[in-house]
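Asker: what follows is a predicted protein model with its sequence.
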Amino acid sequence: MDQKKRQVDFLIVGQGIAGTLLTHFLLEDGHSVHVIDPAHEYSASRVAAGLINPITGRHFVKSWRIEELIPSAEKTYRDLEAKLGIEIFHPRGLIRSMFSVRQENDWLSRTGDPSYAPYMKEEADLGDYREAVHPAHSYGEVRHAAQVNIEEVVTAYRRYLLERDLLIPSSFDYPSLSLSPEVIPEGQSRNTAGGQEEEWVSYQGLLAKQVIFAEGYWAQFNPFFSYLPFKGDKGDVLIIRIPGAHFERILKHRVFLVPLKDDQYWVGATYVKEFETAKPVATGKTEMLRRLRETLRIPFEIVEHRAAVRPTVKDRRPFLGRHPDFPQLAIFNGLGTKGTSLGPFFARQLINHLTKNDTLDEAVNIARYEKEKT
C-alpha cells in the first residue's frame, strides 16, 4: 500500500432516513462507521411527510407487521431526539374521510375485527376541521398514528457526522471501489480468528469490512445491485400556510394534510410512475392544487412545491441482505411510502444479520430475487 488508509467497520453509502438509521444503530453498538452522501435535493427523505399510519389504502388494511413496527419506531425516534437535541416524534390522531356508504361499511366492518379494533375508532369528531373542509359522507379516526420530521432528522444527523469527520459530502464513485483479494489492512493477517478469510473493501483512502448501500432511488444505477427490481414513483407535495388554523391531527380527505411548524402543513401526494425528471413540474403542482381545493374551503398560502422519487419495490417489501457474489457488500433499500415505520425495525434486523449472523425475514431478504439476476 502506498499510504496507510483509514480503517472502519462499516462504510454507509447514502444518508437519507435509511442510511441515517443504519449509522445511528451501528455507532450505538460501538462499531466504527463512515458515510458518503451528496445530499440529493430530490431525496425522498427530504420531501416525505414522515407518517406512521397503521391503517392504509382504500380498503382500510392494517399495515404489515405494524404491531412490531410502532414500538421500534417510537423508541428509535425518541432516542434520536435525545441524541440530537431536537423534537421530531409527534403522536397524532389521523382522521379518515369516507365518501360513500360502501366505504363507511368497510370501515365499520374493520372496527369489529379484534385485530383491527386497537387502531380504529368507529367515528371521528372533526373538531377544528369541521368548518375548514368540504364535508364527506362520514369520518373515522386511526389510533396510534404519528408524524416524524424526517427532513429534520436527516439534516441534524448530517451535522452530527460532519462535526465528527464521519461523512464525505460527495457522490459515490463506483469505479473507485476495490474488491481485490489483495485489499487487507496494513499489519493484519488475512485469516480471522475462526480461520475464515476476511474480505475488506478499499475506497478512496478508506478500508472497510462491510459496505452498505442505502441510496434510495439512485440504487438502480448501482452496478452491484441493479439486478434487483427497483421501481420508483415520483411524488409531488405542497407546503402550505394556514394562519391561525392550529390543526393538531392529520387529515386524509382528497389529500393528506399533515401539521408541521409555524402554521405550515404538508400536503400530498401524487404518484407518478412515468417521469422525465425528479424536479417539481407544473403538472404536479396543478394536480395537488386541484385536490387541495376539493379538501379545504378556507384560504391558504402556498409556501413551496417539492418533489422526489420514492424507492419502491414491486412486491412492496424492502431490500435487505448481502450481495450473492460479494458478501462484503450489502443493501438496505426499498422502504417506499412506509419508510418512517419500516426503517427502524429493518435497519436493526439488517445490522444484526451482518454483525451476529441473525436470520433475515424471508419477505425482505434479497435472496428472493437472486434467481432473476442477469
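Answerer: Looks like it came in fine.

Asker: does Ser72 touch Phe345 like I think?
Answerer: Yes. Checked against C-beta atoms under 8 Å, the pair Ser72 and Phe345 is within contact range at 4.2 Å. Any C-beta I mention is one placed from the backbone N, CA and C, and that applies to glycine too.

Asker: which neighbours do those two have in common?
Answerer: Taking C-beta atoms under 8 Å, 6 or more residues apart in numbering as the contact criterion, no residue touches both Ser72 and Phe345.

Asker: would you map the helices across the stretch 51-200 of the chain?
Answerer: Ranges of helices in the stretch 51-200 of the chain, per DSSP state H, counting those that start in this stretch, are 66-84, 101-111, 150-163.

Asker: which of those helices sits most buried?
Answerer: helix 150-163 (a mean of 19; mean count of other C-beta atoms under 10 Å).

Asker: and the angle from it to helix 66-84?
Answerer: Helix 150-163 and helix 66-84 meet at an angle of 50 degrees, taking axes from the mean of the first three to the mean of the last three C-alpha atoms, to 10 degrees as the criterion.

Asker: just give me how far helix 150-163 sits from the chain centre.
Answerer: Computed by C-alpha atoms, centre = their mean, to the nearest Å, the chain-centroid distance of helix 150-163 equals 15 Å.

Asker: same check, this time on stretch 295-310
Answerer: Using C-alpha atoms, centre = their mean, we find the averaged C-alpha position of stretch 295-310 to lie 21 Å away from the chain's own average C-alpha position.

Asker: Lys272 against Ala278, yeah?
Answerer: For the record, residue 272 is Val, not Lys. No. Val272 is beyond contact range of Ala278, at 10.4 Å (criterion: C-beta under 8 Å).

Asker: including mean pLDDT, could the helices of the stretch 51-200 of the chain go into JSON lines?
Answerer: Shown next, in JSON lines, are those (pLDDT from 0 to 100):
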{"stretch": "helix 66-84", "mean pLDDT": "97"}
{"stretch": "helix 101-111", "mean pLDDT": "95"}
{"stretch": "helix 150-163", "mean pLDDT": "97"}
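
Asker: nearest to His253, out of those helices?
Answerer: Nearest to His253, of all the helices of the stretch 51-200 of the chain, is helix 101-111, at 12.5 Å by C-beta to C-beta.

Asker: the closest one packs against which elements?
Answerer: Using 3 or more C-beta pairs under 8 Å, 6 or more residues apart in numbering; DSSP states H and E as the contact test, the elements touching helix 101-111 are strand 94-98, strand 120-121, strand 138-142.

Asker: low pLDDT regions in the stretch 1-150 of the chain?
Answerer: Filtered on pLDDT under 70, the stretch 1-150 of the chain yields the residue ranges 1-4.

Asker: run the last query once more with 50
Answerer: By pLDDT under 50, the weakly predicted segments of the stretch 1-150 of the chain are 1-2.

Asker: mutual contacts of Val272 and Ala278, please.
Answerer: Both Val272 and Ala278 are in contact with Lys234, where contact means C-beta under 8 Å, 6+ apart.

Asker: any idea how far Ala73 is from Val33?
Answerer: Ala73 sits at a distance of 21 Å from Val33 (criterion: C-beta to C-beta, to the nearest Å).

Asker: distance check, the closest residue to Glu294 other than its chain neighbours against Ala124.
Answerer: Excluding the flanking residues, the one nearest Glu294 by C-beta to C-beta, 6 or more residues apart in numbering is Arg254, at 4.4 Å. Relative to Ala124, Arg254 is positioned 16 Å away (C-beta to C-beta).

Asker: hmm, Ala48 and Thr340 touching each other?
Answerer: Yes. Contact criterion C-beta under 8 Å: Thr340 and Ala48 qualify, at 7.0 Å.

Asker: now do the shared contacts for these two.
Answerer: Common contacts of Thr340 and Ala48 (C-beta under 8 Å, 6+ apart): Ile17, Ile150.

Asker: hmm, back to that, with mean neighbour count and distance to Ala39 as extra columns, can I get the helices and strands packed on helix 101-111 in a markdown table?
Answerer: A markdown table is the format used below for the helices and strands packed on helix 101-111 (neighbours: other C-beta atoms under 10 Å; distance: least, C-beta to C-beta, whole Å):
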| stretch | mean neighbour count | distance to Ala39 |
| --- | --- | --- |
| strand 94-98 | 23 | 30 |
| strand 120-121 | 20 | 39 |
| strand 138-142 | 21 | 33 |
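
Asker: so which of those strands gets nearest Gly284?
Answerer: Put simply, out of those the one that sits nearest Gly284 is strand 94-98, at 22.5 Å, with distance taken as C-beta to C-beta.
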